[in-house]
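*Asks:* Here's my sequence, what's the structure:
(one chain, ligands or ions: 1)
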Amino acid sequence: MTEKNFDITKLVELQAIEKIIYKKAFEINRIKKNEQLLKLKNEYENVKESCSISGSGLEALEHDRKKAADTIKMQEDKIKRIDEKLFSGTITSAKELMNYQEEIKQLKQSNENLEDRELKLMIEIDEKRPAFLELTEKKNLIEKEFEELNRHIEANVKEIEKVISELKNIRLDVIKKIPAEILKKYDELRKRKDGIAVSIMKNNFCQACSVQISAGELQNIKDGQKIHKCPMCSRMLVINSDKIEEALKIYESY
Ligand SMILES: [Zn+2]
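*Replies:* This is a model prediction of the structure:
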């Protein structure tokens, strides 16, 4: 392919495609930075933390309660064993008898204290459990909401990525139809001129820099098949045509 048989519409198309790809990538960035999602994530982390603290507190209380209950049970067994010994008739020493009776008394007193403690712990557990359950429910709700929104966002992003991938394929096809030297110039200009290398002249105005081309300059800018140069912004300038408008229309739907 040479510059002579090259269709300048392709150059305009290339720029339109690249502009859309850039916009779509920007859109993905914006979608991913969803404020509601960040808010939900923060809320979730906070509730999770509170839930964990509340849960640990309950666990510690339950641990203490069980320890008290186990000790009560152990001491009851011990009382039973001593009782059996006392009624077996094998103890003859009065001192030994008194010692055992004293031990039973102490064990019973200890169990009374432990039962008080167990009851207090049970009341405290009952008082604190509703708050824990409420936090757990709140945590689950936020998690669900977060996941739903995240799924929605990911689906959106995937959709846009699909379009970008389509456009990239179209771009490769378009590039094949542009001579290498023109492509090189296009890339250089694009970098220097804020992403716009090609401008269309409409009603004698350069669309990129909005400057009217003078009558004198128009003498040289007549050929619709050629790439000209804007006297003001130095971009590649092509004359608008139905063909160009038709070609660009396809990209309006993106
Ligand atoms: Zn211009």
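*Asks:* what about whatever helix or strand residue 186 lives in and the ion, any contact?
*Replies:* For residue 186, the element it lies in under DSSP states H and E is helix 180-192. No. Helix 180-192 stays out of contact with the ion when judged by Cβ under 5 Å from the ion, the minimum separation being 11.3 Å. Any C-beta I mention is one placed from the backbone N, CA and C, and that applies to glycine too.
*Asks:* what's the following helix or strand past that helix in contact with?
*Replies:* For helix 180-192, the following helix or strand on the C-terminal side (DSSP H and E) is strand 198-202. Strand 198-202 has contacts (Cβ atoms under 8 Å, 6 or more residues apart in numbering) with 11-12, 15, 186, 189, 206-209, 213, 221, 227-228, 230, 233, 235-240, 244.
*Asks:* same deal with stretch 163-173?
*Replies:* Applying Cβ under 8 Å, 6+ apart, the contact partners of stretch 163-173 are 14, 17, 18, 20, 21, 24, 25, 254.
*Asks:* Stretch 242-254 now?
*Replies:* Surrounding stretch 242-254, the residues in contact under the criterion Cβ under 8 Å, 6+ apart are 8, 9, 12, 13, 16, 17, 20, 24, 163, 167, 200, 238.
*Asks:* Can you tell me which of those is closest to the ion?
*Replies:* Closest approach between the contacts of stretch 242-254 and the ion, by Cβ to the ion: residue 200, at 10.0 Å.
*Asks:* Next one: that closest one relative to residue 185, how far apart?
*Replies:* According to Cβ to Cβ, to the nearest Å, residue 200 and residue 185 sit 17 Å apart.
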